[in-house]
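[1] kindly generate the corresponding structure for this input.
(2 chains, ligands or ions: 3)
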Amino acid sequence: MTVQPLLSVRHLTTEFQLAGKQIARALEDVSFDVMPGKTIGLVGESGCGKTTTLMSIMRLLPASGRITSGNVYFNGIDLLTLSEHEMRAHRWKEMSIIFQGAMNALNPVMKIGDQIREAILLHNLMPRNAAEQRVGELLELVGIPRLRRDLYPHQYSGGMRQRAMIAMALACSPDLLFADEPTTALDVMIQAQVLELLKEIQKKLGLAIVLVTHDLGVVAEMCDDVVVMYGGKVAEYGSAELVYNQPQHPYTQRLLEAFPDLSRSIDSSTDLATIPGTPPRLNALPPGCRFSPRCHKSMEICTQIAPDLIAQNTAGNAQHLAACHLLNKLEIKNS
Amino acid sequence: MSRRDFLLRKFLLSLVTIFVVIVINFMLFRVLPGDPVRSVIGRNVRISAETQQALREQFGLDKPIFPDQFIDTIGQWAQGNLGISWSLRRPVSEVLMSKLGNTVLLIGLGQVLAIFLGVTLGLLAGWKRKTAIDVGALTFSLVAWAIPTFWLGIIFLAAGSAWFGLPTAGIMSPENTGKPLMTILPDLARHLFLPTLTLTILYLGEYMLIMRSSILEVLSEDYILTAKAKGMSDWQVLWRHALRNAMLPIVTLIALNLGFTVSGAIYIETVFSYDGLGKLFQTALVKQDYPLLQGAFLLLAVSVIIANMAADILYAVLDPRVKES
Ligand SMILES: Nc1ncnc2c1ncn2[C@@H]1O[C@H](COP(=O)(O)OP(=O)(O)OP(=O)(O)O)[C@@H](O)[C@H]1O
Ligand code: SF4
Ligand SMILES: [Mg+2]
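    Ligands and ions are numbered 1, 2, ... in the order given. Here you go, the predicted model:
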């Protein structure tokens, strides 16, 4: 029996309304699967749509954002067809999120423990005293003494706040955790600790994680699959091993070159910004392949027709897809 | 610095400020022109020079201002003796106390209504930003905030009395003085209606504007997104997470405004001939009743200082981040 994906994103397209009737298409035709208990990495330069992907899935886009097409299946249910009321029951109980730069993600005038307990009580998971008990357990799980539940966020260090966020994200035992660059605001030592904690927790609780990061070292260490995004589209997608060892898309290749030594583990601070040029502006996207202005292998067709995401030859049932004209020899011949 | 130290320091600071105010208050009325004795006896020029001198001695006015008069005065003030009103010939403290209730009733009512309506309106406007509610509430508040008290008061006075037959002066009809409170409530309400309405409209704008910008700021915070992601409804997010944070600046504003209760009453009470502290001060000013004015100044200053202290303390209670100033 094949395992069904926990989350299945299909052809997700999201637009933002800009000032003066302009529309920015932040995501276009994004598809990927998250298998139960696995970790999938979402990588790409700043502005490529990683956060927008997560917000679209959880339906937490700001008022200016709109999902124009696509499906988001969670355990077979299309979340995009649910009413807001129905959607609320899914949030946190089945999927929780640690926001990017989450230093201010906790309410400054509420005790940490109360904020965690609130999540449990909101979904009617257990009576109040049991919930209080669980708050203590959750805090201990992330390495915070339970007595500190009565402190306020400003009394926690950055690393502790992020741990508390993780504890809160686990409060309702979700099947899926989105972690949007969970370590960017922290210093290097703490970054490593927090990632270690995430790994441990996944081993213990068996939940699936979607990890957004700039750091390819982290992906190599933690992820089963990788989605490489560029300009709101999926450039390459597949098992982490294949994408690393046989990168097919020129963008992925440049990313990996810009990050030469993967054995340098997670405390490396090498960024993706080392590829010459800048990502496209969403309201001035180049025609054809979005990477073409920066691509060292760009051909004529690249500036005219957008390449499709196509499956690469892989042994066994590991999957590997990439969107580049170079990979479709047939198309090149025809043009 | 612990919270207790913080509060203690605020308290001591307030005491020091009150002392400074007392000194200034004392000095101010010594350097003002005019001879107290002449003022008391008024136009009665037939009082002999000897009698005048005797009066001076009796009131200690022949002694040097500092330290004798100063220490003497502070001692008297400390016992609640603020001197005798020249125009009313009654102890200043007694006069002040007799009007305090009326003013607190009027301003308190206006403030409570303004706070409630202003905060609610600001909350709605910020939450439903850029909708008709927002634009309407914003325009109304800006206009209301900009209107001078006496102007709006006079308009309401004219309109209220001409079209609705509402009373134009006082706190109750003369024939009702002394009757039990329960029987005169409707009459009291009719008298209070116009000044309260004026005050409510005047104060409301400020609360609305502050609340609106405060809630807008709070709603853009990360923890609001966290609350939504937890599965809360908009109302729950607003009620449990946004409101308390957004109320922080309002609480300070309320406390500070309460400190200006007495001074704020001057215009409104004058326009509506309402028998409170504000009108009393206006009279004292016109009649150059220095002891009464001195008492009034003291009351004004002390209430502002106490309100400031209350604002600090309240803020510290509501916001756990407050540690040091
Ligand atoms: N509220 C918004 N209104 C308009 N455009 C937006 C909005 N939010 C995001 N965008 C645009 O959508 C694109 C994708 O943004 P997103 O935040 O998803 O990128 P990201 O990959 O998470 O980047 P980063 O690594 O910097 O977090 C960007 O070009 C951004 O400018
Ligand atoms: S399609 Fe062309 S421009 Fe785009 S990545 Fe491939 S070679 Fe480069
Ligand atoms: Mg992001």
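[2] what are the ranges of the helices in the chain?
    Because you didn't say which chain, this covers chain A. With helices called from DSSP state H, chain A shows them at A:50-58, A:84-90, A:112-122, A:128-141, A:158-169, A:188-205, A:216-222, A:240-245, A:250-258, A:329-334.
[3] please refer instead to chain B.
    B:3-31, B:36-41, B:49-58, B:70-78, B:92-127, B:132-146, B:149-164, B:181-219, B:222-229, B:234-236, B:243-259, B:261-271, B:277-286, B:290-318.
[4] hmm, back to that, in CSV, list the helices of chain A along with mean pLDDT, mean neighbour count and distance to ligand 1.
    The way it works is simple: take the backbone N, C-alpha and C, and place the C-beta from them, glycine included. Shown next, in CSV, are the helices of chain A (pLDDT from 0 to 100; neighbours: other CB atoms under 10 Å in any protein chain shown; distance: least, CB to the nearest ligand atom, whole Å):
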stretch, mean pLDDT, mean neighbour count, distance to ligand 1
helix A:50-58, 97, 23, 3
helix A:84-90, 96, 14, 19
helix A:112-122, 96, 23, 24
helix A:128-141, 95, 16, 27
helix A:158-169, 93, 24, 16
helix A:188-205, 90, 16, 16
helix A:216-222, 87, 22, 14
helix A:240-245, 91, 18, 18
helix A:250-258, 87, 20, 13
helix A:329-334, 51, 10, 28
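[5] now do the contacts for the residue nearest the centre of chain A.
    The centroid of chain A falls nearest to A:Val212 when counting by CA atoms, centre = their mean (3.7 Å). Applying CB atoms under 8 Å, 6 or more residues apart in numbering or on different chains, we find A:Val212 in contact with A:41-43, A:50-51, A:54, A:100, A:178-181.
[6] picking up where we left off before, quickly, which of the helices of chain B bottoms out on average pLDDT?
    Sorting the helices of chain B by mean pLDDT places helix B:36-41 lowest, at a mean of 68.
[7] which positions in chain A make contact with ligand 3?
    Contact residues (CB under 5 Å from the ion) of chain A with ligand 3: A:51, A:100.
[8] low-confidence regions, chain A specifically.
    Within chain A, the stretches with pLDDT under 70 are A:1, A:101-102, A:259-274, A:314-317, A:329-335.
[9] neighbours of the closest residue to A:Arg294 other than its chain neighbours, how many?
    Setting aside the residues directly before and after it, A:Arg294 is nearest to A:Gly277 in space (CB to CB, 6 or more residues apart in numbering or on different chains), at 3.9 Å. Around A:Gly277 sit 9 other residues, with neighbours defined as other CB atoms under 10 Å in any protein chain shown.
[10] ramachandran coordinates for A:Gly277?
    Taking degrees, to the nearest 10, you get phi 90, psi 180 for the backbone angles of A:Gly277.
[11] which of the residues in stretch B:145-161 are buried?
    If you call a residue buried by 16 or more other CB atoms under 10 Å in any protein chain shown, then stretch B:145-161 has these buried ones: B:145, B:149, B:152-153, B:156-157, B:160.
[12] kindly reformat the residues you listed as JSON lines containing distance to B:Ile71.
    Output for the buried residues of stretch B:145-161, formatted as JSON lines (distance: CB to CB, whole Å):
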{"residue": "B:Trp145", "distance to B:Ile71": "46"}
{"residue": "B:Thr149", "distance to B:Ile71": "40"}
{"residue": "B:Leu152", "distance to B:Ile71": "46"}
{"residue": "B:Gly153", "distance to B:Ile71": "43"}
{"residue": "B:Phe156", "distance to B:Ile71": "49"}
{"residue": "B:Leu157", "distance to B:Ile71": "47"}
{"residue": "B:Gly160", "distance to B:Ile71": "51"}
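[13] from those, which single one is nearest chain A?
    Proximity of the buried residues of stretch B:145-161 to chain A (CB to the nearest CB) peaks at B:Trp145, which lies at 28.2 Å.
[14] list the residues that contact the nearest residue to the closest one once chain neighbours are set aside.
    Leaving aside its chain neighbours, B:Trp145 sits nearest to B:Gly205 (3.3 Å; criterion: CB to CB, 6+ apart). Shown here is B:Gly205, whose contacts under the criterion CB under 8 Å, 6+ apart are B:118, B:140-146.
[15] top of the residues you listed by number of neighbours, please.
    Neighbour max across the contacts of B:Gly205 (other CB under 10 Å) = B:Gly118, 28 neighbours.
[16] give the contact list for it.
    Contacts of B:Gly118 by CB under 8 Å, 6+ apart are B:141, B:203-208, B:211.
[17] let's go with 7 Å and repeat that
    B:203-204, B:207-208, B:211 (CB atoms under 7 Å, 6 or more residues apart in numbering or on different chains).
[18] follow-up on the earlier one: out of the helices of chain A, which is closest to B:Pro320?
    Nearest to B:Pro320, of all the helices of chain A, is helix A:112-122, at 11.0 Å by CB to CB.
[19] closest point of the stretch 1-150 of chain A to ligand 2, which residue?
    Ranked by CB to the nearest ligand atom, the top residue of the stretch 1-150 of chain A for proximity to ligand 2 is A:Gly44, at 13.6 Å.
[20] any residues of the stretch 51-200 of chain A in contact with chain B? List them.
    A:58, A:60, A:88-89, A:91-93, A:96-97, A:99, A:102, A:104-109, A:119, A:122-123, A:152, A:154 (CB under 7 Å from any CB of the partner chain).
[21] quick one, domains of the chain?
    With no chain named, the answer covers chain A. What automatic domain parsing lists as the domains of chain A is A:7-107+A:158-229, A:248-328.
[22] that's the wrong chain, I wanted chain B
    Looking at automatic domain parsing, the domains of chain B come to B:3-78, B:92-318.
[23] can you put the ones you listed in TSV and add distance to ligand 3?
    Formatted as TSV, the domains of chain B follow (distance: least, CB to the ion, whole Å):
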stretch	distance to ligand 3
domain B:3-78	37
domain B:92-318	13
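[24] out of those, nearest to A:Asp114?
    domain B:92-318 (10.0 Å).
[25] can the closest one be found next to ligand 1?
    No. Contact between domain B:92-318 and ligand 1 is absent, the nearest approach being 11.0 Å (criterion: CB under 6 Å from any ligand atom).
[26] and the end-to-end length of that domain?
    38 Å (CA to CA, to the nearest Å).
[27] got a list of what A:Gly65 touches?
    Taking CB under 7 Å, 6+ apart, one finds A:14, A:16 in contact with A:Gly65.
[28] distance check, it against ligand 3.
    In this view, A:Gly65 and ligand 3 are 13 Å apart by CB to the ion, to the nearest Å.
[29] which residues make contact with stretch B:222-235 from outside it?
    A:58, A:60, A:88-89, A:91-93, A:96-97, A:99, A:102, A:104-107, A:119, A:122-123, B:218, B:237, B:241-242.
[30] of those, buried ones?
    The buried subset of the contacts of stretch B:222-235 (16+ other CB under 10 Å) comprises A:58, A:60, A:88, A:91-93, A:96-97, A:99, A:102, A:104-107, A:119, A:122-123, B:218, B:237, B:241-242.
[31] of all the contacts of B:Gly118, which comes closest to chain A?
    Taking the contacts of B:Gly118 together and measuring to chain A by CB to the nearest CB, the closest member is B:Met211, at 16.6 Å.
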